[in-house]
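> This is a predicted model, with the sequence first.
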Amino acid sequence: MGYEYYAKGKDIVLLCEDFDLDETLDCGQAFRWEKVDESTYKGASLNTPLTIKKEGENTFRLFDTTKEQFLSVWKNYFDLDTDYADIKKRISCDETMAKACNFAGGIRLLRQDSWEALCSFIISQNNNIPRIKGIIARLCEHFGSFPTPKQLCAYTPDELSFLRAGFRAKYIIDASRKVESGEVSFERLRTATLDDARKELMTITGVGPKVAECALLYGMYRTQAFPVDVWIKRVMESWYPNGLPACCEGIEGIAQQFLFHYMRTFASKEKDS
């Protein structure tokens, strides 16, 4: 097991290598985390809030967290049972992947609630991160928690105008209605072939290939899913015109996380130089 934990007062202290808060919580895979100081983030998984702080080398404090809550929510959310050291060793046989892993070796894939991830990435379309976070914050504030599909499907787009989500409001409602009716089933999406899962998600109005891929990767832990944005497109054109190397097979989505962070920062430095 790549981590240890123990209770300290009302908190949980987590000892974990291969984990960086900035690289994991502020890399665009989740939108409910805010950095409150140099070493602390405050956020939530669905309706469970958390403040987490880096206290030392590979040491983190989860404030106001019981052992039961850690085991039932956060252990899975932070993907603690996955050996990221082994993953990085495996994919680092490729030169570019090795550079990406060395550059941002603390990234972990967040295992988010399926509905929260789908709704969040619908909101993310043609949007920037501060605005995405604002829409989701207003959504949670209005309902007192992250709303269920049942709560949202009773609304019309006009009734969601308080979100200031624009055209995305009708997409959110269509998603909630299809999920609530069972037309789109998270249980089915977790076990279907990847192609069938993509097709099912894209029956939702406004859900295209990228949103479907994000929902599968971040909300259903389908690690073969591979979201492609402008940065990953550049990665593929520059380094992998024939596809990712064989060492990434089955975990393409995790490899994508390392590549995305590396390419985005590397390209920015190149542009500024």
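Arrived safely.
> Give me the phi and psi for P241.
In terms of degrees, to the nearest 10, the main-chain angles of P241 are phi -60, psi -20.
> what number of residues lie near it?
P241 is flanked by 7 other residues according to other CB atoms under 10 Å. Every C-beta, even on glycine, is put in place using the N, C-alpha and C of the backbone.
> for G206, same thing?
15.
> Now it. Nearest residue, chain neighbours left out?
The spatially closest residue to G206, leaving aside those adjacent along the chain, is Y171, at 3.3 Å (CB to CB, 6 or more residues apart in numbering).
> Pull the distance from whichever helix or strand that neighbour is part of to the chain's centre.
Using DSSP states H and E, Y171 falls within helix 168-181. Mean-position distance between helix 168-181 and its chain equals 20 Å (CA atoms, centre = their mean, to the nearest Å).
> Which secondary structure elements does it sit against?
helix 114-123, helix 149-152 (3 or more CB pairs under 8 Å, 6 or more residues apart in numbering; DSSP states H and E).
> State the mean pLDDT of the last one.
What helix 149-152 shows for mean pLDDT is 96.
> quick one: the helices in the chain?
Under the criterion DSSP state H, the chain contains helices at 21-25, 67-69, 75-77, 84-91, 95-103, 114-123, 129-143, 149-152, 168-181, 186-191, 194-201, 209-220, 230-238, 252-272.
> Could you list the low-confidence segments of the stretch 1-150 of the chain?
1 (pLDDT under 70).
> let's see 90
1-2, 27-28, 104, 126 (pLDDT under 90).
> Looks like R264 contacts I232 (just checking).
No. R264 is beyond contact range of I232, at 9.5 Å (criterion: CB atoms under 8 Å).
> wait, what's in contact with A197?
188-189, 212, 216, 220, 222 (CB atoms under 8 Å, 6 or more residues apart in numbering).
> could those go into JSON lines alongside pLDDT and neighbour count?
Below are the contacts of A197 laid out as JSON lines (pLDDT from 0 to 100; neighbours: other CB atoms under 10 Å):
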{"residue": "R188", "pLDDT": "97", "neighbour count": "12"}
{"residue": "L189", "pLDDT": "97", "neighbour count": "22"}
{"residue": "A212", "pLDDT": "98", "neighbour count": "24"}
{"residue": "L216", "pLDDT": "98", "neighbour count": "27"}
{"residue": "M220", "pLDDT": "97", "neighbour count": "22"}
{"residue": "R222", "pLDDT": "98", "neighbour count": "21"}
